[in-house]
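A.B. asks: sequence? don't have it. structure:
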Ligand SMILES: Nc1ncnc2c1ncn2[C@@H]1O[C@H](COP(=O)(O)OP(=O)(O)OP(=O)(O)O)[C@@H](O)[C@H]1O
Ligand SMILES: Nc1ncnc2c1ncn2[C@@H]1O[C@H](COP(=O)(O)OP(=O)(O)OP(=O)(O)O)[C@@H](O)[C@H]1O
Ligand SMILES: [Mg+2]
Ligand SMILES: [Mg+2]
């Protein structure tokens, strides 16, 4: 595959992994006539259907696969949180005066941060500044010693990660955190699981309802995989897949939950330039077109500067700066603490 | 693994239950044929294979799908067995058999909730230690409450007379009278089939999916909205319930529930059966149960035929049994079923790879070909710090 | 001087390396570049004996390295900073560092530790903490620091910048340059970020699909637009 | 009063015995990340070796030394021959393997040494010591046991905390690949771990056997309580093992004496659960580790 | 039930065994019998010697031409003292091996698992190796089951009466195995000296730490300890007593007082903490219902010695083996009594008729009759001196419940085996 993927004229080649990876019917049919490239990746197709999902639950029939039936009505009833996220004007996530200490270590000290709905909010800072801890607070792994967390205007207290996931918070880990002994599809299905309603008995007795629901979930999951261009890996086990593919699987799992708040912890680490670009586009479209609010931690400045609407800079657990990329980049404090001399 | 794992490639429609029932039906036919064509002794042996199989099935779900190790399932079987014994204490015992079994399951299930909840936060050796203690503690209770539980002698189990309609049915179907031992064997195997269908349903459902997620990566699972505690406890309870059913069948087969019947050895052999057969696979569990049931006798017979005195032969039996255990682990680390399966996968992988390399420059690890079921983290190149 | 000749390795049916040959001069930084899956990590793992070579040879200053067990490498002055998962999270920061010095020939003394702590003050504050609590970047620092503890003469770095803040990356690259000059190290540097890698490397080897597609002076590579677009992504 | 004292002293000696065995488990856990269920039968075999030597008319101490030595060898051999292949595999396989070994060693011992009770000598008195007219349930051998265990614990603490070899052993156990990269001869470390653990195990065996009866199964009850003790303490801590052993020994002794010997195992379960529910990593586990 | 009609050795109890024989397991020239013993595992030590003894005697009889020209084939199966295994090996013996009778199956919990099955299948279940009452106190329920050794209750009674009469002001402590053994015995003992008992401590077999129990007896100030336990626990209790400096008068039951064995166990501890040799139990009181190896010149023991030398395995004659031989002897006699054409019901009837008159090593006659299948009716109390028992009482016999204790006049004591060592029908 890589032969083609890395040949000089790749702009006019199908994307590497997806092109080569024996595309599913849908993918191949989806290739844009002008540039023989999956439309969703092709800059010359602004009208391409948005990424991921649309408010209102069931997945839209994606043009990349006109033959695929729409998701079953059992999907996510009553509109996915994404809707509310987009509608209510209140902030998607707001941290006020959050302080976290581990033993002696002050990981966070009185950090304020507000993510406006449908925006990409970058968090940068030196290693050990507290970025991941911030995430851990936002998704319930760490209970702050002080400070409050609000989601869409409601204050959250002592909610555990799985509760928050139920409320539409999704997160990717700084590592990969894939389920290595189940297939890629199942990895994503676990993410989509929060849209299932059938209970234990239904499962135990294997009632038709369970089967129906399962089918719906699978369609959801496949749609997400397809949009990330890794549908062809659905039946594989993550362990031996190329690294970027695994990164995408992790992302797909988060997206399958159709979150309205997405926390991405160094999603680009270890990715090549091309994958990074795609990731950037993806993140932007998520925010711009689904009103998904994204909180992004990255050390790749070019990416951060490109996709973020707003950036918060942490150092030693304190917020030392925040503002638009432009403002932040020229902030001397940031330069000193984080960027060092060579910027971007 | 894969026996329970949902074939990811299959997003084809179709009732889960339907397929499992089909398999179950075939299974039942086989059972009838085998039981009818074998002696009373074989029937009883098969009955014990069945109850071991049921327990092993439950354990393989717990350990294989949810990654919780239990050295205490013998104790859970004991609870099922004692419940049965208490309900079937004399010929006039009025409770119908199905209710008895149900009661055994429910009681064990309740105990399972307690233990599972306590064990939910434990991992690896700590869980092993806790369940180990459970395995040795429970028989002691039976000793302590002599009056109610019969102490060392244990409780006799009186097998209620075979209902007339069953006799008639059996005769109608098979043309033979139904002996008591065969009756027990049928009960045990019927229970086994039912249990396995239910377990298979769960394993293939979202419940099973969440169990596997928790097994593979707790943090990621929690982030994906899986309630860790609930997942682990439910897995434990399910396998406890199976153990309860197994205990009930054991009581009916052995016609006694006594502490010395539920030593630590039982729990440990159960676990080994599961692993030797192939962790996570119901077929493997059954295979392991067969191993447990038949190996000792076979070995002893071989010994006797080889001219050893009965006593020497008996002493050798465990030796051979142990050696077999060690060898299986060394030669078939994924258990018998698992190893066979991976062998097949490898073949397919190699073939497809060959196909790939012929058409130059395509992805060597092409889609559609499943990777090896488990990839050793050490060998997979991976980035970012472990979280 | 590290010479790799016709090296081949793979994973089952997957060909990860397919006849790779190149030379890394002593006292120079040689960057190994290429897209994901090009075989960079496999190359390093094969050189340091973690992965079995199916063919070809590796030669370090006149000594055959292939067929030498991984655990003997430090004694030969070769240190490998693995890709990810390099920290032993159950040990404390200092134990990790001490471990780094154990493998090498010479005697350990405080100065090594101090040098590393000087380089990464964050770690100094964390001496006694189990590495488990470290942040991603802190772990990466620890791995790099640990490699330095071995006072290697040959250093294999697999994406050392992974998850590190730009300033730290700059620091590390500075340090490398320094070491290469002062102690004439042989450095084999695998990097995703080709631009910054080439900025300190003297030479660059570009892998693709397990084959060497370019092997030239760093600035020459950086100058070659077509190559840059095709493989280096900038 | 005297009963109280004697029950306590009995518990103390018993606890030390559990501790001795727990130390062996801790050692092997720390150095190979395996819980070795075959530890007991291995110790049993070496004890029988000692018995053979004593029966041949040699001194107790010669037999003692021989038992430890044979323990060393046995441990090393077993690791190299059967355990090596399963290392790096799923941990449950190692568990099952050691269970298999358990059965094999038992059966072998029954065939070779005979499946009957035999008495095992003790180097010191097995009569209680006279204190002011009354005898207290502490024998010369009991004191020897206590000292031996404490010394062993001290040595283990030194080994792991202070020495390079200890660091190497732990590194190999936690992350073999990285350890190799750092020049640790992982294979040797694992062998060493098994060998040392088996020596400590043999010591435990001798301490349990001394002045009492042995037969192929005489260590079996210790398997459970020794393991429980180790888990109580938190498998990683030698100190914890000893504390756990003492806690268990005393508790069980009192339960057995004042409640009923049938409930001893139940008591063990209850204690273990109480501890683990509060501290899932045992008494002396490090503070809650970072998860993300 | 009717056996499966297939080739792999079914046949069940259908009475259609081989050849011209009259019962399953019986042919013109052979009788196949079976037994279950713990040959492996924790319970094996000691007990695993019983079948070797029995086998030696059967071989001896076979060498003498067998019984009614039939050779006795003795099939032993291991149950590891686990009822589950007992039931499966018994199934194998009855359904597959098609034994004629079960002889000497050992253990209360283990045999409980199969007694129903054996009686349902109509398999003679002779001489269960256990003193539990249930082997014979209810012939109605278990017509095919016969006990052999004196049950624990009468042993308790005889001991109790002896103590009550000869040590009226002893403070009695009971050291009991926590199962039917201890319970039945306690029942018997308390009939006579309920008021003298100051403490009753129970140990769980398998738990080798009896320190707390002995400490309990010591604390209660018992100066006479009646111990109902197995030999290894005799040794353990002695050791603990040493540790505690506790020196009461010990009274072990027959089961636990195997002076020869315990002596060898207690011998050779350091610093002479225990005097070596079998004299280590000197002064201890116990009971005796068959002569043991401590009486080498008893004619029966001499017979056993001869048998063992000729047909035994390696290893010396032990009381366990003597026990095995003794009930083997009784079974051969039962076969003689059952006559030429052997049937399962036949041998049971024979036992009920003449069982009480069986010759044999036992000092007191069996209680076999149509309304009791209990074994030997009595024993004598002895005190161990130089490892051998010295009579304290004549042979006393009684029965369960409140049957009184009387001297035995059957002359069973002091009889001698026939010349060829093979019994005739009584
Ligand atoms: N559980 C814990 N116990 C002790 N210290 C901790 C714990 N978790 C985090 N820390 C410390 O808190 C600080 C912040 O950690 P965090 O992971 O948030 O940093 P980060 O900003 O994500 O760094 P990086 O960019 O390298 O990932 C670090 O110094 C880390 O060592
Ligand atoms: N454990 C494994 N099992 C199977 N295939 C593997 C394994 N590790 C790597 N591969 C494959 O080998 C090839 C080379 O992988 P390698 O990790 O060496 O590339 P890389 O240049 O290091 O990529 P990256 O830049 O992502 O680190 C890739 O196709 C990869 O999918
Ligand atoms: Mg981080
Ligand atoms: Mg790499």
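C.D. replies: That came through, no problem. This one's a predicted model, so the numbers in the text were calculated from it and none came from an experiment. Ligands and ions are numbered 1, 2, ... in the order given.
A.B. asks: where does whichever residue of the stretch 51-200 of chain D sits closest to ligand 2 fall, secondary structure wise?
C.D. replies: For the stretch 51-200 of chain D, the residue closest to ligand 2 is residue D:177, as judged by C-beta to the nearest ligand atom, at 12.2 Å. Every residue, glycine included, has its C-beta placed from N, CA and C. Assignment of secondary structure by DSSP states H and E places residue D:177 within helix D:176-181.
A.B. asks: same thing with residue A:313?
C.D. replies: Counting by DSSP H and E, residue A:313 is part of strand A:310-315.
A.B. asks: hmm, back to that, which residues sit against the helix holding residue D:177?
C.D. replies: Identification of contacts with helix D:176-181 by C-beta atoms under 8 Å, 6 or more residues apart in numbering or on different chains yields B:378, C:48, C:50, C:69-71, C:73-74, C:80, C:82, C:85-88, C:99, D:87-88, D:168, D:171-172, D:186, D:189.
A.B. asks: buried ones among the residues you listed?
C.D. replies: Those of the contacts of helix D:176-181 that meet the buried threshold are C:48, C:50, C:70-71, C:73-74, C:80, C:82, C:85-88, C:99, D:87-88, D:168, D:171-172, D:186, D:189, by 16 or more other C-beta atoms under 10 Å in any protein chain shown.
A.B. asks: now, these that are in strands?
C.D. replies: Judged by DSSP state E, the subset of those located in strands is residue C:80.
A.B. asks: within reach of ligand 1, which of the buried ones among the contacts of helix D:176-181 are there?
C.D. replies: The subset of these within reach of ligand 1, by C-beta under 6 Å from any ligand atom, is empty.
A.B. asks: restricted to helices, list the buried ones among the contacts of helix D:176-181.
C.D. replies: Using DSSP state H, C:99, D:168, D:171-172, D:186, D:189 are the members of the buried ones among the contacts of helix D:176-181 that sit in helices.
A.B. asks: show me where pLDDT drops low in chain C?
C.D. replies: C:105-108 (pLDDT under 70).
A.B. asks: before we move on, what SS does the residue of it found nearest ligand 1 have?
C.D. replies: Minimum separation of chain C from ligand 1 (C-beta to the nearest ligand atom) falls at residue C:137, amounting to 2.6 Å. Assigned state for residue C:137: helix (three-state reduction, DSSP: H, G, I helix; E, B strand; the rest coil).
A.B. asks: burial of it, as a residue count?
C.D. replies: Using other C-beta atoms under 10 Å in any protein chain shown, residue C:137 has 29 neighbouring residues.
A.B. asks: what of residue A:230?
C.D. replies: When neighbours are defined as other C-beta under 10 Å, residue A:230 has 26 of them.
A.B. asks: could you do residue A:143 as well?
C.D. replies: 13.
A.B. asks: then residue D:264?
C.D. replies: Using other C-beta under 10 Å: residue D:264 sits among 26 other residues.
A.B. asks: do residue B:174 as well
C.D. replies: 15.
A.B. asks: OK, contacts around it?
C.D. replies: Counting by C-beta under 8 Å, 6+ apart, residue B:174 has contacts B:32, B:36.
A.B. asks: quick check, pLDDT for it.
C.D. replies: Looking at residue B:174, its pLDDT is 82.
A.B. asks: got it, and residue B:313?
C.D. replies: Residue B:313 is given a pLDDT of 86.
A.B. asks: low-confidence ranges, chain D, go.
C.D. replies: For chain D, the stretches flagged by pLDDT under 70 are D:286-289.
A.B. asks: distance of the closest residue to ligand 3 within it relative to residue A:247?
C.D. replies: Using C-beta to the ion, the closest approach of chain D to ligand 3 is made by residue D:292 at 8.8 Å. Separation of residue D:292 from residue A:247 (C-beta to C-beta, to the nearest Å): 17 Å.
A.B. asks: over to residue E:97?
C.D. replies: Per C-beta to C-beta, residue E:97 is found 66 Å from residue A:247.
A.B. asks: give the contact list for the closest residue to residue C:61 other than its chain neighbours.
C.D. replies: Distance criterion C-beta to C-beta, 6 or more residues apart in numbering or on different chains; nearest residue to residue C:61, sequence neighbours excluded, is residue C:1 at 5.8 Å. Listed by C-beta under 8 Å, 6+ apart, the contact set of residue C:1 reads C:23-26, C:60-61, C:186.
A.B. asks: so where do the strands sit in chain D?
C.D. replies: D:118-120, D:128-131, D:134-139, D:212-214.
A.B. asks: the last one pairs with which strands, and in what direction?
C.D. replies: Each strand that strand D:212-214 pairs with, and the sense of that pairing, follows from DSSP bridges: strand D:118-120 (antiparallel).
A.B. asks: which strands and helices lie in contact with the helix or strand hosting residue B:266?
C.D. replies: Using DSSP H and E, residue B:266 falls within helix B:264-278. Where contact means 3 or more C-beta pairs under 8 Å, 6 or more residues apart in numbering or on different chains; DSSP states H and E, helix B:264-278 is packed against helix B:40-60, helix B:73-87, helix B:124-144, helix B:282-305, helix B:310-331, helix B:335-358, helix D:91-113.
A.B. asks: nearest to chain C, of those helices?
C.D. replies: Counting by C-beta to the nearest C-beta, chain C lies closest to helix B:335-358 out of the helices and strands packed on helix B:264-278; the figure is 3.1 Å.
A.B. asks: the closest one close to chain A?
C.D. replies: No: Helix B:335-358 lies out of reach of chain A by C-beta under 8 Å from any C-beta of the partner chain, never closer than 9.3 Å.
A.B. asks: and that helix, what's buried?
C.D. replies: With burial defined by 16+ other C-beta under 10 Å, the residues of helix B:335-358 counted as buried are B:335-338, B:341-342, B:345, B:349, B:352-353, B:356.
A.B. asks: how about the residues you listed in JSON lines, adding distance to chain E?
C.D. replies: As requested, these are exported to JSON lines (distance: C-beta to the nearest C-beta, whole Å):
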{"residue": "B:335", "distance to chain E": "24"}
{"residue": "B:336", "distance to chain E": "23"}
{"residue": "B:337", "distance to chain E": "25"}
{"residue": "B:338", "distance to chain E": "28"}
{"residue": "B:341", "distance to chain E": "32"}
{"residue": "B:342", "distance to chain E": "34"}
{"residue": "B:345", "distance to chain E": "38"}
{"residue": "B:349", "distance to chain E": "43"}
{"residue": "B:352", "distance to chain E": "46"}
{"residue": "B:353", "distance to chain E": "48"}
{"residue": "B:356", "distance to chain E": "52"}
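A.B. asks: of the contacts of residue C:1, select the buried ones using a PyMOL command.
C.D. replies: Typed into PyMOL, the next command selects the buried ones out of the contacts of residue C:1 (criterion: 16+ other C-beta under 10 Å):
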select buried, chain C and resi 23+24+60+186
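A.B. asks: between residue D:292 and residue A:247, who's got more neighbours?
C.D. replies: residue A:247 (26 against 21).
A.B. asks: number of residues surrounding the closest residue to chain B within the stretch 101-250 of chain A?
C.D. replies: Residue nearest to chain B within the stretch 101-250 of chain A: residue A:239 (2.5 Å; C-beta to the nearest C-beta). Residue A:239 has 19 neighbouring residues, counting by other C-beta under 10 Å.
A.B. asks: one more: residue E:356?
C.D. replies: Other residues close to residue E:356 by other C-beta under 10 Å number 16.
A.B. asks: okay, now the residue lying closest to residue E:88 once chain neighbours are set aside: neighbour count?
C.D. replies: Leaving aside its sequence neighbours, residue E:88 sits nearest to residue B:48 (C-beta to C-beta, 6+ apart; 6.2 Å). Residue B:48 has 25 neighbours, counted by other C-beta under 10 Å.
A.B. asks: got it, and residue D:165?
C.D. replies: There are 15 residues near residue D:165, going by other C-beta under 10 Å.
A.B. asks: please name the nearest non-neighbouring residue to it.
C.D. replies: Distances taken as C-beta to C-beta, 6+ apart place residue D:159 nearest to residue D:165, at 7.0 Å, with adjacent residues excluded.
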